[in-house]
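Chemist: fold the following.
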Amino acid sequence: MNFLFAWRYFRSKKSANAINIIAWISVLAIAVGTAALIIVLSVFNGFEDIVKGLYSDFYSDIRITPVKGKFASFSPDITKKLGSVPGVDKLSFFVEEKAVLVNGDYQTIVYLKGVDATYSTVSNIGGHIERGAYALGNTDEPAIVAGAGISNAVGADPEDKLSNLVVYLPNRKATNFNNMDAMHSYNVSTAGVFAIQQEFDDKYAFTNLPFMQYMLDLNANEYSGTDILLKAGVDENEVKKQLEMVVGKDLKVQTRYEQNQGLFSIMQIEKWVIYGILSLILVVAAFNMIGALTMLVLEKQKDIAVLKAMGAHDTRIQNIFLSEGLVLAIVGGTSGMLLAFLVCTLQLQFHLIKLGGNTFIIDYYPVQMHIADFLLVAFTVFTVAVLAAWLPSRKAAAQLFSLKS
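Modeler: Residues are numbered from 1 along each chain as shown. Take a look at the predicted model:
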């Protein structure tokens, strides 16, 4: 009944044309605010998905590393138990250490990561090779796959067979760090160059695991940690709990999110800040709605008087005008959602809005619509509408109007 009155008031012609104009302005403001919120949140989702995809190509589903120190011993028994944890698909052990890469007069500091043969299935580094191939050599003839930034810094080019590339790693047995015995050196070749994003391209190079263990005087079962690939559809947090029970307190287990917690937290904060800023559009719409409902109350003084004469309580009158505010919100919010859905669909299909410059991996704004965003925006519009309609509806219920003109 309340919505029937509200809908008829919304559709009916008012005595003053300004009431219609203000009502439609409030509907338009709600529609614009709703569409802007959903479109911007969808663009944030698109960028977040791309960034997560890049990081997932580099970081594993779960990583186990020492709590203290750089290296830890993984006994065959522990390795077997890790592999038997439900949800674990593959293990890939690695050794990582800072190294100096020298090519003639050029040198740079890199994080050299020695990985086993399983690593290519745990990560997707091989899918980002832009020159050469993903080949790491062996202990006697080591090869590296370097990031594009490292390749540019020292001229590590897989096509340059005459380059004199030397890697220097710390000698863990050295007692005097002021002489040449403090470093081990070895000639390496460049097999390939990868490009994922600058953070990785300027920092990492990969080689084979036995070579790194040899250079750092490590035992066969000593590693910096292990990267773990999970089976599809498993709960990573549940697998993490089971892995923690296996490894104990000397090793820490991190999910992909925890390995990059700072980045993902910042992305979420940025998204909520933008949501808060764009919600101010709906606050503007709320002021328009207050004006429209206040003028509608004045317009319908006789209707209110008749309803009260027929026995309608103040609560009924208040609910009618609250419903009127919800009608304005539903019309505006639904229109905004349909507009946002149309814009996002067109962007997905035709990439109409382009990114400036050519430095990103795509040249258009990515979009990814989530039902949770639609529900969040719908709840926001509902909340704003109720708060905006409360004061005019309360006044309409409290005031006494006479049928006498």
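
Chemist: C-alpha from now on. contacts and neighbour counts both.
Modeler: OK.

Chemist: residues near residue 11, how many?
Modeler: When counting by other CA atoms under 10 Å, one arrives at 9 neighbours for residue 11.

Chemist: so which residue is dead centre in this protein?
Modeler: For the chain, the residue whose C-alpha lies nearest the mean C-alpha position (CA atoms, centre = their mean) is residue 48; its distance is 3.3 Å.

Chemist: pLDDT score for that one?
Modeler: If you check residue 48, the pLDDT there is 89.

Chemist: tell me the secondary structure at it.
Modeler: helix (DSSP: H, G, I helix; E, B strand; the rest coil).

Chemist: which ones are touching it?
Modeler: With contacts taken as CA atoms under 8 Å, 6 or more residues apart in numbering, residue 48 has the following neighbours: residue 267.

Chemist: distance check, it against residue 355.
Modeler: Taking CA to CA, to the nearest Å as the measure, residue 48 falls 16 Å from residue 355.

Chemist: residue 31 now?
Modeler: 26 Å.

Chemist: please apply the same query to residue 35.
Modeler: 20 Å.

Chemist: so where do the strands sit in the stretch 101-250 of the chain?
Modeler: Listed in chain order, the strands of the stretch 101-250 of the chain (DSSP state E, counting those that start in this stretch) span residues 106-115, 129-132, 143-147, 165-170, 183-187, 189-194, 204-208, 222-223, 225-230.

Chemist: of these, which stretch is the most buried?
Modeler: Each of those was given a mean neighbour count from mean count of other CA atoms under 10 Å, and the largest, a mean of 28, is that of strand 143-147.

Chemist: okay, now the sheet partners of that one, with direction.
Modeler: Counting by DSSP bridges, the strands paired with strand 143-147 are strand 189-194 (parallel), strand 204-208 (antiparallel).

Chemist: mind saving the C-alpha coords of that strand as PDB?
Modeler: Output of strand 143-147 as PDB, limited to C-alpha atoms (Å, rounded to 0.1, in the frame of the first residue of the first chain):
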ATOM      1  CA  ALA A 143      73.200 -20.400 -17.600                       C
ATOM      2  CA  ILE A 144      71.000 -17.600 -16.400                       C
ATOM      3  CA  VAL A 145      67.600 -16.300 -17.400                       C
ATOM      4  CA  ALA A 146      67.800 -12.600 -16.400                       C
ATOM      5  CA  GLY A 147      65.200  -9.900 -16.100                       C
END
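
Chemist: got the contact list for it?
Modeler: Contacts of strand 143-147 from elsewhere in the structure, counted by CA under 8 Å, 6+ apart, are 133-137, 156, 188-195, 200-208.

Chemist: sorry, back to before: in TSV, list the strands paired with strand 143-147 along with mean pLDDT and distance to residue 165.
Modeler: Supplementary listing: these in TSV, determined by pLDDT from 0 to 100; distance: least, CA to CA, whole Å:
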stretch	mean pLDDT	distance to residue 165
strand 189-194	96	6
strand 204-208	98	13
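
Chemist: so residue 68 sits against residue 250, correct?
Modeler: Yes - with the criterion set as CA atoms under 8 Å, residue 68 and residue 250 qualify as a contacting pair; they are 7.4 Å apart.

Chemist: so residue 95, which of the three states?
Modeler: Following three-state DSSP, the label given to residue 95 is strand.

Chemist: tally of neighbours for it?
Modeler: Residue 95 has 26 neighbours, counted by other CA under 10 Å.

Chemist: if it is in a bridge, with which residues?
Modeler: Taking DSSP bridges, one finds residue 114 as the beta-bridge partners of residue 95.

Chemist: same deal with the one 4 residues further on?
Modeler: The residues listed as beta-bridge partners of residue 99 by DSSP bridges are residue 110.

Chemist: and residue 31 and residue 355? Which one has more around it.
Modeler: A direct count of neighbours by other CA under 10 Å for residue 31 and residue 355 places residue 31 higher, at 29 against 14.

Chemist: any idea how far that one lies from residue 376?
Modeler: According to CA to CA, residue 31 stands 15 Å off from residue 376.

Chemist: quick check: pLDDT value at the residue lying closest to residue 249 once chain neighbours are set aside.
Modeler: Spatially, and ignoring its direct neighbours in sequence, residue 249 is nearest to residue 67 (7.7 Å; CA to CA, 6 or more residues apart in numbering). Here the pLDDT value assigned to residue 67 is 95.

Chemist: check contacts around residue 67.
Modeler: Taking CA under 8 Å, 6+ apart as the test, what residue 67 contacts is 249, 250, 251, 252.

Chemist: next, count neighbours for the first one.
Modeler: The tally of other residues near residue 249 (other CA under 10 Å) stands at 11.

Chemist: equivalent analysis for the second one, please.
Modeler: Residues near residue 250, counting by other CA under 10 Å, number 11.

Chemist: setting the sequence-adjacent residues aside, check what's closest to it.
Modeler: Distances taken as CA to CA, 6+ apart place residue 67 nearest to residue 250, at 5.6 Å, with adjacent residues excluded.

Chemist: and the one you found, how far is that from residue 354?
Modeler: According to CA to CA, residue 67 and residue 354 sit 45 Å apart.

Chemist: what's across from the residue nearest to residue 155 when sequence neighbours are not counted in the sheet?
Modeler: Distance criterion CA to CA, 6+ apart; nearest residue to residue 155, sequence neighbours excluded, is residue 103 at 7.0 Å. Beta-bridge partners for residue 103, by DSSP bridges, are residue 106, residue 165.
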